[in-house]
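>>> Sequence first, then the predicted structure:
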Amino acid sequence: MLVKTILSKILHSVRSWPAVSGLLLLVTLHLFGAIPYQETLRTFSFDLYQMAFPRERVSAPVMIVDIDEESLKKYGQWPWPRSLVAQLLARVLDMDPAAVAFDIIMPEPDRTSPCQITKYMPGIDQALVAKVCALPGNDALLAKQISKGNVVLGVAGIDQGSQQEVRAPPMQSIGPDPKNMMRHFNSALTNVEELDAAANGHAILSADVERGVVRKIPLTASVGNTVLPALSLEMLRLASGNPSFIVKSSDKGIESVGVKDLSIPTQADGSIWVHFSPHDPTRFISAALILEGKLDAEIINRKLVLIGFSGLGLVDFPSTALGERVPGVEIHAQILESIFDGTTLQRPGWALWVEAALMIVLGLLVALAFPNMRASLHVVILLAVTAALIAGGLLIFRQYHLLVDVASPTLLFIVMYGATLTDSLIREEIQLKALEDDLRKQREQAAKAQGEMEAAMRFQMGILPNASLTFRNEHRVDIAAKIEPAKMVGGDLYDCFMLDEHRLFFSVGDVCGKGIPASLFMVISKTLCKSVAMQDDMQQMDVGDLVRKANLEISRDNSEMLFVTAFIGILDLRTGMLNYCNAGHEKPLLAAAGCHPKELSGLSGPPISTWEDFEYKTHSYRLSSQEFLCIFTDGATEAFNLGQEEFGRPRLIELLSNIEMETNADSIIKNTFSFIHNFVSGADPSDDLTMMVIKWKS
Amino acid sequence: MNITEEQLINDVTKINLSGRMDIEGVSHIETKFADMTAAPRKGIIVDMSDVPYMSSIGIRALLINAKSVAKRGGKLILLNPEQNVKNVLETSGIDQIIPIYSDINEAIAKVSS
């Protein structure tokens, strides 16, 4: 079930596919060792392990007899006569070392041998030549010393040249033939035959130097068809008195090399990673000191002795993984020390698979899990994983002397995270662009809608008559009306027209609600009211009947349950008699100069369109020629200012109680509107504001 | 706004409204209000004593429910509105189609009949 869920999750995360396939490709390349520069990164990380935890020098099984600056000063320039080298070796052998090895190759005969020198003396007495040549040659002197002890001579492998056979100790091979598994040289730079033949031990000196740094040394290598041990291994063989060295291999490669009772695990090619300790001058004894016989024999007794150079100009100084430049001979000494202390390094075969597994786990973490996590968590995980990997790599190195490459998974993790981060940034940018486009479209649409709303408002205002203008020539009445919609279109309405020669019909209404629905309902209500009023049979009907009939019409298709409060009146201009119907509307006020306004209090019924068959009552009132009938909607009484204070009916009554004798309907409306505007001072109008003022002038 | 209901005798439902009946308040209760007045209920008393303000949208909410009850032959009446709410209801003539009572027993008797 869990596997199924995970699988479907993986299949659904289509976005992660490129990342996952890239990851698998990388891991495959990793397993085949085909990632460019990965080896450089890896060796650099191994160097860092060694720098963090360099090998501690526990035992000191090796001494280096050093042909140093001091020796050159005392015994002359190199090459020394081999008689002097023989003298040096004789002194060393006297001190009974376990084995001696030369980190020096002597490929040509010594030209300072007595017989050789006579060749540079033209005209020399031939009898003298015969005598001198009867003396032993320097090479013979050295060969004699070499043959006396456990002395190893080395050869240097050469890739070019024709195949050549060299002397070598017998190899005991366990497992498949290791010859093709190890480092191979076609030929070698060897010592003169006389010396070579005298030596008990034969070894290969070559080490592969990568950009000036020695990291790995082959413990066994082949020259032509011969398998040779490394200098260190051959010394151990001689010291332990074994007739042969052992190479153990399997199908996967060489597993270990050694002699009886000693097995050194190696890489598949028979090499080992050298575990370096810092350069230590106490490893070195000046050759001059030995030649002068000043050295305490105990120092060399039963030790492994390397004879080599540190004199400037004689030898290259390769770097160790610790970044120190040391004489080449010290590297052999360090290998022997680490073999003795059992601290040789190994990069196990499973390391590559562990690294691949880490890459897959971390890569999937980034590709599949990170997208669903908070970014702040990413940073924490990134730091924690990186720290854990580095700590793990160091711990395995320190405790088990194993080289596991944590740099590759760490780098992959960071690079993949960077890539997904960049990817999501790009996606976000695209999304932002899409959002900006949407916003622009919405603005355009809003502007279009605004334009349509303005057109609707012009239409709505267009169906309202201009009261002052319509009745300009009717001297029996002074009438004015005005609407200010709260939104672009409103739900308030008014109407006024002559029913016949003497009767003025007028109405003021307020639809429940605001905006477009209210305005549509307003247009319908106004139109239906007028059409009912204009029907022939309505001529003699009273206003209550008219409203009842209009109510029936308007209620018919009203699924939204909107309703309209209305004050509808018919004023007889001959008598000033007003018949009116108040359908749930705010009570109008009657105002006159010098009088307190009074309410026109008759109520006829609920708002229009609330109850289909309601019988609306008709009320009557006779207007005096001094009275202004002021009809308004709750937009006037319920106007709010910024402090949420309501304008209220008392303020309106107060305002209308102060009208002047000379005033007219139009100025009362203007005055009232400006008073309300001052009161709300900048607050958005909460409702439509409508007012109609009528004065009968007899 | 808040709305609660309680069952009284004679299958009468009492609905208690509280809060301002303006656009925002009504939007919170209108669905529940409609559910509470739905069939088969016929006798409904709406307790208005905790409603301090009534707008035209509030009137509309009362009307919608009163009409739907009336269509099924039932009755919806209002109980004890505050004075200013009562003024609004009277000014707008709503009291003529949704009766207002101040005595609960009288109200129960009215909607039970």
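Structure's in. What do you need? Numbering: from 1, shown residues only, chains lettered A, B, ... in the order given.
>>> Can you list the neighbours in contact with stretch A:85-95?
Residues outside stretch A:85-95 that contact it (CB atoms under 8 Å, 6 or more residues apart in numbering or on different chains) are A:65, A:100, A:138, A:141-142, A:144-146, A:148-149, A:151, A:287, A:290-291, A:293, A:295, A:297, A:299-301, A:305, A:307. Bear in mind the C-beta positions are built from the backbone N, C-alpha and C, glycine included.
>>> Is there a quick ChimeraX command that grabs whichever of those are buried?
Here is the ChimeraX command that selects the buried residues among these (16 or more other CB atoms under 10 Å in any protein chain shown):
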select /A:65,100,138,141,142,145,146,149,151,287,290,291,295,300,305,307
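>>> Which ones among the contacts of stretch A:85-95 map onto helices?
Among these, the members falling in helices are A:138, A:141-142, A:144-146, A:287, A:290-291 (criterion: DSSP state H).
>>> Specify which member of the residues you listed is nearest to chain B.
residue A:287 (103.5 Å; CB to the nearest CB).
>>> ok, that closest one touching residue A:64?
No. Between residue A:287 and residue A:64 there is no contact under CB atoms under 8 Å: 9.8 Å.
>>> shared neighbours, the two?
Shared contacts of residue A:287 and residue A:64 (CB under 8 Å, 6+ apart): residue A:307.
>>> could you point out where the chain is predicted with low confidence?
Unless you meant another one, I'm taking chain A. Scanning chain A for pLDDT under 70 picks out A:1-15, A:312-314, A:487-490, A:513-514, A:536-539.
>>> if you could check chain B rather than the one you did, that'd help
Confidence mapping of chain B against pLDDT under 70 gives the ranges B:113.
>>> Let's verify the most centrally placed residue in it: helix, strand, or coil?
Centre of chain B computed as the mean C-alpha position; nearest residue by CA atoms, centre = their mean is residue B:46, 3.3 Å away. Three-state assignment for residue B:46 (DSSP: H, G, I helix; E, B strand; the rest coil): strand.
>>> Quick check: beta-bridge partners of it?
For residue B:46, the beta-bridge partners are residue B:15, residue B:78 (DSSP bridges).
>>> again, but for residue B:101
The partner list for residue B:101 in beta bridges (DSSP bridges) reads residue B:79.
>>> For it, list the residues it contacts.
Residue B:101 is in contact with B:45, B:77-80, B:107, B:110, counting by CB under 8 Å, 6+ apart.
>>> try it again with 10 Å
B:45, B:77-81, B:107-111 (CB atoms under 10 Å, 6 or more residues apart in numbering or on different chains).
>>> Might one say that the residue nearest to the centre of chain B is in contact with residue B:65?
Yes. With contacts counted by CB atoms under 10 Å, residue B:46 reaches residue B:65, the gap being 7.9 Å.
>>> so what sits against both of these two?
Any residue near both residue B:46 and residue B:65 by CB under 10 Å, 6+ apart counts here, and that gives B:15, B:33, B:36-37, B:76, B:98.
>>> pretty sure residue A:338 is touching residue A:277, no?
Yes. Counting by CB under 10 Å, residue A:338 does reach residue A:277; the two are 8.1 Å apart.
>>> Give me the buried stretch members for stretch A:153-162, please.
Along stretch A:153-162, these residues count as buried under the neighbour rule (16+ other CB under 10 Å): A:153-155, A:157.
>>> Stretch A:633-645 now?
Going by neighbour count (16+ other CB under 10 Å), the buried part of stretch A:633-645 is A:633-640.
>>> how much space between the residue of chain A most remote from its centre and chain B?
The outermost residue of chain A relative to its centre, with distances by CA atoms, centre = their mean, is residue A:127 at 90.5 Å. Distance, residue A:127 to chain B, using CB to the nearest CB, to the nearest Å: 136 Å.
>>> List of residues touching whichever strand or helix holds that residue?
Assigned by DSSP states H and E, residue A:127 belongs to helix A:126-134. For helix A:126-134, contacts defined as CB under 10 Å, 6+ apart pick out A:113-119, A:121, A:124-125.
>>> any chance of the residues you listed in TSV, with distance to residue A:36 and neighbour count too?
As requested, those are arranged in TSV below (distance: CB to CB, whole Å; neighbours: other CB atoms under 10 Å in any protein chain shown):
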residue	distance to residue A:36	neighbour count
A:113	54	21
A:114	60	17
A:115	59	16
A:116	54	16
A:117	58	15
A:118	61	18
A:119	57	10
A:121	62	11
A:124	65	13
A:125	71	11
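>>> and stretch A:264-276, how far apart are its ends?
End-to-end distance of stretch A:264-276 (CA to CA, to the nearest Å): 16 Å.
>>> What of stretch A:336-353?
With CA to CA, one end of stretch A:336-353 sits 31 Å from the other.
>>> Check stretch A:526-544 too.
Start to finish, the residues bounding stretch A:526-544 are 16 Å apart (CA to CA).
>>> by contact count, what packs against the host helix or strand of residue A:443?
Using DSSP H and E, residue A:443 sits within helix A:407-462. The contact analysis (3 or more CB pairs under 10 Å, 6 or more residues apart in numbering or on different chains; DSSP states H and E) places helix A:407-462 against helix A:17-31, helix A:38-52, helix A:351-364, helix A:375-400, helix A:515-534.
>>> now with 7 Å?
Counting contacts by 3 or more CB pairs under 7 Å, 6 or more residues apart in numbering or on different chains; DSSP states H and E, helix A:407-462 packs against helix A:17-31, helix A:38-52, helix A:351-364, helix A:375-400.
>>> Serialize the ones you listed to TSV and add fields for distance to residue A:192 and mean neighbour count.
Compiled in TSV, the helices and strands packed on helix A:407-462 are given as follows (distance: least, CB to CB, whole Å; neighbours: other CB atoms under 10 Å in any protein chain shown):
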stretch	distance to residue A:192	mean neighbour count
helix A:17-31	48	15
helix A:38-52	38	17
helix A:351-364	44	18
helix A:375-400	44	14
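>>> Quick one, which of these gets closest to chain B.
Nearest of the helices and strands packed on helix A:407-462 (CB to the nearest CB): helix A:375-400, 37.7 Å.
>>> Distance from the chain centre to the closest one, please.
Put simply, helix A:375-400 sits 17 Å off its chain's centre (CA atoms, centre = their mean, to the nearest Å).
>>> Show me which residues of chain A sit near chain B.
Applying CB under 7 Å from any CB of the partner chain, we find that chain A lies next to chain B at A:512-513, A:561, A:563, A:565, A:583-584, A:586-587, A:603, A:605-607, A:610-611, A:614.
>>> Those residues: which two are farthest apart?
A:561 and A:587 (24.6 Å; CB to CB).
>>> Could you pull out the buried residues of the longest helix anywhere in chain B?
Counting by DSSP H, the longest helix found in chain B is helix B:56-71. The neighbour-count check on helix B:56-71 (16+ other CB under 10 Å) flags B:56-69 as buried.
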